[in-house]
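Undergrad: Following is a predicted model, sequence given first.
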There are 2 protein chains.
Amino acid sequence: MLAEIITIGDEILIGQIVDTNSAWMAGKLNNAGIRIKQISSVSDNREHILKALAEAAERVDLIFITGGLGPTKDDITKTTLAEYFGVKMVENTDALNNVLRIFERYNRPLLAINKKQAEVPENCEVIINKNGTAPGMWFNEGGKVYVSMPGVPFEMMYMMEDEVIPKIKSLFKLPVIIHKTILTVGEGESFLAERIADIEDSLPDYIKLAYLPKLGQVRLRLSGYGDDEVFLRNKIDEYAAKFMHRIGNVVVAEEDIPIEKAILNFMEKNNLTLSVAESCTGGYISHLFTQHAGSSTVFYGGAVSYSYELKESILGVKHETLCQHGAVSEETVTEMVEGALLNFKSDYAIAVTGIAGPGGGTSDKPVGTVWIGVASAQNKMIKKFTFGNRRQQNIERSATMALSMLNTLLKHVEK
Amino acid sequence: MLAEIITIGDEILIGQIVDTNSAWMAGKLNNAGIRIKQISSVSDNREHILKALAEAAERVDLIFITGGLGPTKDDITKTTLAEYFGVKMVENTDALNNVLRIFERYNRPLLAINKKQAEVPENCEVIINKNGTAPGMWFNEGGKVYVSMPGVPFEMMYMMEDEVIPKIKSLFKLPVIIHKTILTVGEGESFLAERIADIEDSLPDYIKLAYLPKLGQVRLRLSGYGDDEVFLRNKIDEYAAKFMHRIGNVVVAEEDIPIEKAILNFMEKNNLTLSVAESCTGGYISHLFTQHAGSSTVFYGGAVSYSYELKESILGVKHETLCQHGAVSEETVTEMVEGALLNFKSDYAIAVTGIAGPGGGTSDKPVGTVWIGVASAQNKMIKKFTFGNRRQQNIERSATMALSMLNTLLKHVEK
């Protein structure tokens, strides 16, 4: 069963927001056995929305629409859907009660435009929005299903999980789609491809292999399509095992998780703990770890030591070291990582100090210069990197390299 | 001049990655005076790519394509472009030299598939990729321009900024597009709309107003389209001033920046400094601040105190407080924010402690319970929030609320 996602909103087309809804929806739908044929982002423009709906209806059976359901004048999705289906707008009692409920909860006066939120095209089935006033709408017309949802992520998410996906599953017999991802670190895409070429060539046509490279990491994704879940899962596992046998040395995880989650899993299994001392990454590495549920078992926390003073007071970096060698130096990063181990009492520690830019560079320490240290009581690894001049990317690359180095250091642990 | 962005890659359509390229490209193109009519994400499938190209050529004049240029078998953009234009593939000397240069730099052996990276459709002009082996390609066919670029963000970004946008500017006379954004905090979209309805109604048709709500914040965006930049800018400023006069009390920034950047700007102007004590937000608030260039003037850093021990040792939270009231309590967050002020010696501090979930909740402290404190030597504000059960959203909402509270506290500062 094929689907298209249409996201509506000028803010996407002028680059003011990143459309994160589509990826989330695509993931959920894919797991339910629905293949996304296309994602289209269009503007808050009547003709354009009408055209996008008609084009999607030619391509697919299920059309998921987000955005343009707000109470303000720039939001026209609802009336455009009514025009598309050639029906009129009517006030829906359930949707109105939901609006009243929300306004009562927040004890705010109800305005005319809020009441208008309860108006929907008369041919739709209303999906109640637990977290907002804009109702979701389910249309079944001309053999196609159209689902319109708010663009506010958490309103859409609850609606998809609690209402839309269960309803689709109850109405349609869906095929099986199985993905298996292998995360590798430290070997380029083309070298990996060369090493596994013969296995890749032997894949049956219902299994596809994709390479997803990102900053020194490559994810290999096997995707199987069919009707027999057990058969498909066995076949995918069989080929995954062949790949593992060949390139196991660079594999960090045999599931679709980021490297920090693989590290957390490994450290938890081995009863190891971790702390960080972040300067130029400014909390980003901590955030990567702590976004994962259960990270507190392994991750103690640490310091975001942006200033000289905090490097000294929290991490115990010596004042002379900072004055003599500077904050971005082998000496400082070494004292930072040792200070983290000592003060935060974790088994492992990561320290990063660098010049993320765009300012702050000098001729011998240009923007993009980053020192990274990872250490345990037994082992230590200190490295210097020279990245580019984009702040965001320098932060991300520093974090990725720090995680990669920690992953290497952890290989010394007896498994 | 209208453009379409086509992103190619199964990984987008199964939700494995979020397409951040499109928003970045859309922002840059928009600033250059190019309107994005549509963003389409399609799979690594020959027929589908051909169809998407043909459809885009009907809609727009400029077509920007990213993705599908890797050396592996799943990447077929290049040969599909050759098929689309009805031309053959040829080896390009500049592209080959670039591949050789990169392999020399990393001292890796050149494989046959790497050499193939230098093959391009014969009708294209090659855009050299400084950061990777896949060349960019510029096509001028049938009165339309097609630009194909790698999907790896930093390869695409350099190519767009250094080559593609300058080339477009030199070839076409582009119209003027001006956006002005006003960031508001603490008032709902519909209430704002009600307060400014008469001004919104009086807007000329070449200026559009959009409401962009997100977690307690609403950005109002005025967009002007025309040929006369000075006239347009004056008109936009004139209407922005009217909005400011009406709703100035809830405005945080008169430019398109996030709230933490508005806070950094205000604090820098007033010579104020900031530190943080983060538990459940786990470094995310620090990351929000430190992603901005120049944040070190204001932001000292702080503690990510995930464990009891670090709350005690770095922040000086009393052991009895933790045992008696728990880590998620008014007492603990108060000691955390006071500890941050004292130990990190900043003028202001933020502290957050809560249960981000999905585990760790109890009947009196369910998942989503979060205590936030903001303080200076003179003022203090402590609040309890009850969010939902999604970890990521609890982290984000906690951060947004903490920033919003700090923003309120800063209003006491004499301006």
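TA: Received, thanks. Numbers count the residues shown, from 1 in each chain, chains lettered A, B, ... in the order given.

Undergrad: Got the domain ranges for chain A?
TA: For chain A, automatic domain parsing gives the domain ranges A:2-171, A:176-253, A:259-410.

Undergrad: contacting residues around residue A:371?
TA: Residues near residue A:371 by Cβ atoms under 8 Å, 6 or more residues apart in numbering or on different chains: A:328, A:329, A:330, A:332, A:333, A:352, A:353, A:354, A:382, A:383, A:384, A:385. Every C-beta, even on glycine, is put in place using the N, C-alpha and C of the backbone.

Undergrad: Quick one: buried ones out of those?
TA: For the contacts of residue A:371, a neighbour count by 16 or more other Cβ atoms under 10 Å in any protein chain shown gives the buried set as A:328, A:329, A:332, A:333, A:352, A:353, A:354, A:382, A:385.

Undergrad: On the three-state scheme, residue A:15 is what?
TA: Of the three states, residue A:15 takes coil under DSSP: H, G, I helix; E, B strand; the rest coil.

Undergrad: go on, residue A:73?
TA: Using three-state DSSP, the structure places residue A:73 in coil.

Undergrad: I figured it was touching residue B:200, is that so?
TA: Yes - here residue A:73 reaches residue B:200: they are 6.7 Å apart, a contact under Cβ atoms under 8 Å.

Undergrad: Figure out the helix or strand that the residue of chain A positioned farthest from its centre lives in.
TA: Distance from the C-alpha centroid of chain A, by Cα atoms, centre = their mean, peaks at residue A:320 (41.9 Å). Using DSSP states H and E, residue A:320 sits within helix A:319-325.

Undergrad: OK, contacts around residue A:141?
TA: Neighbours of residue A:141 in contact, by Cβ under 8 Å, 6+ apart: A:85, A:123.

Undergrad: change it to 10 Å
TA: Residues near residue A:141 by Cβ atoms under 10 Å, 6 or more residues apart in numbering or on different chains: A:57, A:84, A:85, A:86, A:87, A:123, A:124.

Undergrad: got a winner among the residues you listed for most neighbours?
TA: Within these, neighbour counts (other Cβ atoms under 10 Å in any protein chain shown) peak at residue A:124, which reaches 24 neighbours.

Undergrad: What residue, apart from its backbone neighbours, is nearest that residue spatially?
TA: Using Cβ to Cβ, 6 or more residues apart in numbering or on different chains and skipping the chain neighbours, the partner closest in space to residue A:124 is residue A:137 (4.0 Å).

Undergrad: and that neighbour, bridged to which residues?
TA: When bridges are called by DSSP bridges, residue A:137 pairs up with residue A:126, residue A:148.

Undergrad: Now for it, how many residues are close by?
TA: Residue A:137: 24 surrounding residues under other Cβ under 10 Å.

Undergrad: Look up how far chain B lies from it.
TA: Noted for residue A:137: a distance of 19 Å to chain B, by Cβ to the nearest Cβ, to the nearest Å.

Undergrad: Buried residues, whichever helix or strand comes after the helix holding residue A:320. List them.
TA: Counting by DSSP H and E, the next helix or strand C-terminal to helix A:319-325 is helix A:330-344. Within helix A:330-344, the residues scored as buried using 16+ other Cβ under 10 Å are A:331-341, A:343-344.

Undergrad: hey, where'd the helices end up in the stretch 1-150 of chain A?
TA: With DSSP state H, counting those that start in this stretch as the criterion, the stretch 1-150 of chain A has helices at A:10-13, A:21-31, A:46-59, A:77-85, A:93-106, A:112-115.

Undergrad: swap in the stretch 251-400 of chain A?
TA: Taking DSSP H, counting those that start in this stretch to define them, one finds helices in the stretch 251-400 of chain A at A:259-269, A:284-290, A:308-313, A:319-325, A:330-344, A:391-410.

Undergrad: just the CA coordinates of the shortest one, formatted as CSV?
TA: Spelled out, that is helix A:308-313. The C-alpha coordinates for helix A:308-313 follow below in CSV (Å, rounded to 0.1, in the frame of the first residue of the first chain):
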residue,chain,number,x,y,z
TYR,A,308,38.6,29.4,32.1
GLU,A,309,37.2,29.7,35.6
LEU,A,310,35.0,26.7,35.3
LYS,A,311,37.8,24.6,33.7
GLU,A,312,39.8,25.4,36.9
SER,A,313,37.1,25.1,39.5
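
Undergrad: helices and strands around that helix, which ones?
TA: If you count contacts as 3 or more Cβ pairs under 10 Å, 6 or more residues apart in numbering or on different chains; DSSP states H and E, helix A:308-313 packs onto strand A:299-305, helix A:319-325, helix A:330-344, strand B:299-305, helix B:330-344.

Undergrad: how about these in a markdown table, adding mean pLDDT?
TA: Below are the helices and strands packed on helix A:308-313 laid out as a markdown table (pLDDT from 0 to 100):
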| stretch | mean pLDDT |
| --- | --- |
| strand A:299-305 | 95 |
| helix A:319-325 | 96 |
| helix A:330-344 | 97 |
| strand B:299-305 | 95 |
| helix B:330-344 | 97 |
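
Undergrad: now for those, which one comes closest to residue B:5?
TA: Among the helices and strands packed on helix A:308-313, the nearest to residue B:5 by Cβ to Cβ is strand B:299-305 (34.7 Å).

Undergrad: could you redo the buried ones among the contacts of residue A:371 as a markdown table and give each row distance to residue B:300?
TA: Output for these, formatted as a markdown table (distance: Cβ to Cβ, whole Å):
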| residue | distance to residue B:300 |
| --- | --- |
| A:328 | 17 |
| A:329 | 20 |
| A:332 | 17 |
| A:333 | 19 |
| A:352 | 17 |
| A:353 | 15 |
| A:354 | 18 |
| A:382 | 25 |
| A:385 | 25 |
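
Undergrad: And the residues you listed, which two are furthest apart?
TA: Largest separation among the buried ones among the contacts of residue A:371 by Cβ to Cβ: A:332 and A:385, giving 14.9 Å.

Undergrad: Around chain B, pick out the residues from the stretch 301-415 of chain A.
TA: Proximity of the stretch 301-415 of chain A to chain B (Cβ under 10 Å from any Cβ of the partner chain) is limited to residues A:301-311, A:313-314, A:343-346, A:356-360, A:387-388, A:390-393, A:395-397, A:399.

Undergrad: Please indicate which of the residues you listed are buried?
TA: Listed as buried from these are A:301-307, A:309-311, A:313-314, A:343-344, A:346, A:356-357, A:360, A:387-388, A:390-391, A:393, A:395-397, A:399; burial here means 16+ other Cβ under 10 Å.

Undergrad: quick one: low-confidence parts of the stretch 251-400 of chain A?
TA: Of all residues in the stretch 251-400 of chain A, none has pLDDT under 70.

Undergrad: circling back: could you say which one of the helices and strands packed on helix A:308-313 comes nearest to residue B:194?
TA: Closest among the helices and strands packed on helix A:308-313, once you apply Cβ to Cβ, is helix B:330-344, at 35.5 Å.

Undergrad: That closest one vs chain A: in contact?
TA: Yes - contact between helix B:330-344 and chain A, assessed by Cβ under 10 Å from any Cβ, occurs at B:343, B:344.

Undergrad: CA atoms only for that helix - export them in CSV, please.
TA: What follows is helix B:330-344, C-alpha atoms only, in CSV (Å, rounded to 0.1, in the frame of the first residue of the first chain):
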residue,chain,number,x,y,z
GLU,B,330,11.2,22.5,44.8
GLU,B,331,13.9,22.2,47.5
THR,B,332,16.4,20.5,45.2
VAL,B,333,15.9,22.8,42.3
THR,B,334,16.2,25.8,44.6
GLU,B,335,19.6,24.5,45.9
MET,B,336,20.7,23.7,42.4
VAL,B,337,20.0,27.2,41.1
GLU,B,338,21.6,28.8,44.2
GLY,B,339,24.6,26.5,43.9
ALA,B,340,25.1,27.4,40.3
LEU,B,341,25.0,31.2,41.1
LEU,B,342,27.5,30.6,44.0
ASN,B,343,29.9,28.1,42.4
PHE,B,344,29.9,29.3,38.9
